[in-house]
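**Q** Let me see the structure of the following:
(chains A, B, C and D)
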2 protein chains.
Amino acid sequence: MVRVSTTAPTTTAPPNRARVLRLQSAHTTLLHAARDIVAEHGWQGAQIALIAARAGVATGSVYRHFASKADLFAEVLALVSQREVDVVDAFARGEGPAPDRLRDAVATFMTRALRRRRLAYALIAEPCEPAIDQARLVYRAALVRAFERLVEDGLVRGEFRKVHAATAASCVAGAMMESLVGPLAPDVAPETRTATTLVRNTAALCVAMLAREMA
Amino acid sequence: MVRVSTTAPTTTAPPNRARVLRLQSAHTTLLHAARDIVAEHGWQGAQIALIAARAGVATGSVYRHFASKADLFAEVLALVSQREVDVVDAFARGEGPAPDRLRDAVATFMTRALRRRRLAYALIAEPCEPAIDQARLVYRAALVRAFERLVEDGLVRGEFRKVHAATAASCVAGAMMESLVGPLAPDVAPETRTATTLVRNTAALCVAMLAREMA
DNA sequence: CAAACCTGTGAACCATGATTCATTATTCCT
DNA sequence: AGGAATAATGAATCATGGTTCACAGGTTTG
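**A** Sure, this is the predicted structure:
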């Protein structure tokens, strides 16, 4: 690369910045490669060597950017999961009746999961080694917290009957995810029509759990 | 052992029976040892060598009775889990209003889990290796099916609003188990009073999901 | 009682796949 | 350009823990 030797690097800024950028880029590339591998082959197929190959670097290079495999996967989990948490959170902070928002949050979460099936299965239910499982629990907790905020909002607005927000949030999240486990299983035929019904039913059940009255 | 050489072993019955009994006994001893280890140290501490030691046999002997570690653990899982499934099933086949039975089934399951905490955590949420996780999914499915029978019964009796039984059962099971995950975590202080409230709340939420009308 | 046969033993073996590290290539600065 | 510093490489190493197996001890059969 041609550098037009500027008078003087005021500080060590330009080179550092470039270096940092390059490193960040490698970091991101690796992260994406890992995510893609998981989305395609699940945790089972997510070996360091494969990920490195996918990212176009050598195995050892992975350790230049991540302290360990667990570390890398924790970041992958965060990358993918945070988006989902944010989606639920958007509903928690939204306008309109809380029951409707709860219904939509559940439905949206499920629909999104049923699109990237393989990835969702990996995140929610796929058997995986303990270290990853550990990180998964953290993500689940975050998701529950997002639902908790939604429930709390509904309580403040008097739109839910009086329940313990944290418990209710756990129940909603649990109900939702357990409903997904079956359909997400890799071997099940992708019957999308059934999926639509499933989503609708589950969302309704979750709302019913908290509803002040029957419709 | 002194054998009073009876005239003639009509068949090969006597020796075989004794042998079979001895084998069965060893099998059972191993199974119990494995269960106890898991109940004390979780899957993490459940290594073949330790289990063998606990059972008072050599490592290799384990393989006289179980084809593999996964096999052994599958049986442990079945041993412990089947009882829980049966408990739920008893409520499914019981008398009285289905909503009450559902409430009691959930409460009973949770209460039982909160007693043997460590074991329940292992069965429900503890990070563990894929092979065990796989078997765990099977158990979850069985539990869901038990709840499904209960829901179906309630539907027949017209005591639940019209819902898809399988989906509702998943939701109930999921809600229940997710509620347990937090409190079961090994580090959490065992605040039993909170546990009582948690059980009551969760059971109520599960019933509300299906209830025809508000109380 | 001896031969055939199980069953138990536990140290050695092996497979897996993450992690390391001596070496080589690249990039940065003067 | 020259040399230090930094990054990339990937084959070798290592750790873990399940699994095997050649052998020993005891039991059954004839």
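
**Q** can you tell me how far the closest residue to residue A:65 other than its chain neighbours sits from residue A:20?
**A** When the adjacent residues along the chain are set aside, residue A:65 lies closest to residue A:27, with 4.8 Å between them (CB to CB, 6 or more residues apart in numbering or on different chains). From N, CA and C alone the C-beta is placed, and that goes for glycine too. Using CB to CB, to the nearest Å, residue A:27 is found at 10 Å from residue A:20.

**Q** Comparing the two, which shows the higher neighbour count?
**A** Between residue A:27 and residue A:20, counting by other CB atoms under 10 Å in any protein chain shown, residue A:27 is the more crowded of the two (15 against 10).

**Q** Mind telling me what element the more buried one is part of?
**A** Using DSSP states H and E, residue A:27 falls within helix A:13-41.

**Q** Report the buried residues of the least confident helix or strand in chain A by mean pLDDT.
**A** One helix or strand of chain A scores below all others by mean pLDDT, DSSP states H and E: helix A:13-41, with a mean of 81. Using 16 or more other CB atoms under 10 Å in any protein chain shown as the test for burial, helix A:13-41 gives A:26, A:30, A:31, A:33, A:34, A:35, A:36, A:37, A:38, A:39.

**Q** Just send the residues you listed back as JSON lines, with distance to residue A:97 too.
**A** Converted to JSON lines, these look like this (distance: CB to CB, whole Å):
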{"residue": "A:26", "distance to residue A:97": "47"}
{"residue": "A:30", "distance to residue A:97": "44"}
{"residue": "A:31", "distance to residue A:97": "38"}
{"residue": "A:33", "distance to residue A:97": "43"}
{"residue": "A:34", "distance to residue A:97": "40"}
{"residue": "A:35", "distance to residue A:97": "36"}
{"residue": "A:36", "distance to residue A:97": "39"}
{"residue": "A:37", "distance to residue A:97": "42"}
{"residue": "A:38", "distance to residue A:97": "37"}
{"residue": "A:39", "distance to residue A:97": "35"}
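
**Q** Pick out whichever of those sits closest to chain B.
**A** Closest to chain B out of the buried residues of helix A:13-41 is residue A:38 (14.1 Å), distances taken as CB to the nearest CB.

**Q** how near is the closest one to residue A:72?
**A** Going from residue A:38 to residue A:72 by CB to CB gives 10 Å.

**Q** Give me the subset of the buried residues of helix A:13-41 that also touch DNA strand D.
**A** Checking the buried residues of helix A:13-41 against DNA strand D by CB under 7 Å from any atom of the strand, the ones in range are residue A:26.

**Q** packing partners for the helix holding residue A:27?
**A** When contacts are defined as 3 or more CB pairs under 8 Å, 6 or more residues apart in numbering or on different chains; DSSP states H and E, helix A:13-41 sits against helix A:48-55, helix A:62-65, helix A:69-92, helix A:117-124.

**Q** Adding mean pLDDT, write those helices out as CSV.
**A** Written out in CSV, the entries for the helices and strands packed on helix A:13-41 read as follows (pLDDT from 0 to 100):
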stretch, mean pLDDT
helix A:48-55, 96
helix A:62-65, 95
helix A:69-92, 96
helix A:117-124, 94
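
**Q** Pick the most deeply packed of these.
**A** Among the helices and strands packed on helix A:13-41, the stretch with the highest mean neighbour count (mean count of other CB atoms under 10 Å in any protein chain shown) is helix A:117-124, at a mean of 21.

**Q** Any idea how far stretch A:186-200 is from the middle of the chain?
**A** Distance of stretch A:186-200 from the chain centroid (CA atoms, centre = their mean, to the nearest Å) equals 20 Å.

**Q** What distance do you get for the most centrally placed residue in chain A to chain B?
**A** In chain A, the C-alpha nearest the mean C-alpha coordinate belongs to residue A:81, at 1.6 Å (CA atoms, centre = their mean). From residue A:81 across to chain B, the span is 16 Å (CB to the nearest CB, to the nearest Å).

**Q** show me what contacts the closest residue in space to residue A:45 that isn't next to it in sequence?
**A** The shortest distance from residue A:45 to any residue other than its chain neighbours is 6.3 Å, reached at residue A:37 (CB to CB, 6+ apart). The contact partners of residue A:37, by CB atoms under 8 Å, 6 or more residues apart in numbering or on different chains, come to A:45, A:46, A:50, A:51, A:54.

**Q** For chain A, what lies in contact range of DNA strand D?
**A** Taking CB under 7 Å from any atom of the strand as the contact definition, chain A meets DNA strand D at A:19, A:22-23, A:26, A:56-61, A:63-65.

**Q** which residues touch the residue lying closest to residue A:64 once chain neighbours are set aside?
**A** On the basis of CB to CB, 6+ apart, the spatially nearest residue to residue A:64 that is not a chain neighbour turns out to be residue A:26, at 7.6 Å. If you count contacts by CB under 8 Å, 6+ apart, residue A:26 has them with A:55, A:57, A:61, A:64, A:65.

**Q** right, and the pair among those residues with maximum separation?
**A** Of all pairs drawn from the contacts of residue A:26, the widest gap by CB to CB lies between A:55 and A:64 and measures 11.6 Å.

**Q** what's the closest of the contacts of residue A:26 to residue B:167?
**A** Proximity of the contacts of residue A:26 to residue B:167 was ranked by CB to CB; the top entry is residue A:55 with 40.2 Å.

**Q** Now residue A:68: phi and psi?
**A** Main-chain torsions, residue A:68, degrees, to the nearest 10: phi -160, psi 170.

**Q** Run a quick neighbour tally on it.
**A** Neighbour count of residue A:68, defined by other CB under 10 Å: 12.

**Q** Can you tell me which of the contacts of residue A:37 is closest to residue B:145?
**A** After measuring the contacts of residue A:37 against residue B:145 - CB to CB - the closest member comes out as residue A:45, at 30.5 Å.

**Q** Pretty sure residue A:171 sits in a helix.
**A** Yes. Following the definition DSSP: H, G, I helix; E, B strand; the rest coil, residue A:171 is counted among the residues of a helix.

**Q** Need the phi and psi values for the nearest residue to it once chain neighbours are set aside.
**A** Across the structure, with CB to CB, 6+ apart as the measure, the residue nearest residue A:171 apart from its sequence neighbours is residue B:175 (3.6 Å). Comment: the main-chain dihedrals of residue B:175 come out as phi -60, psi -50, following degrees, to the nearest 10.
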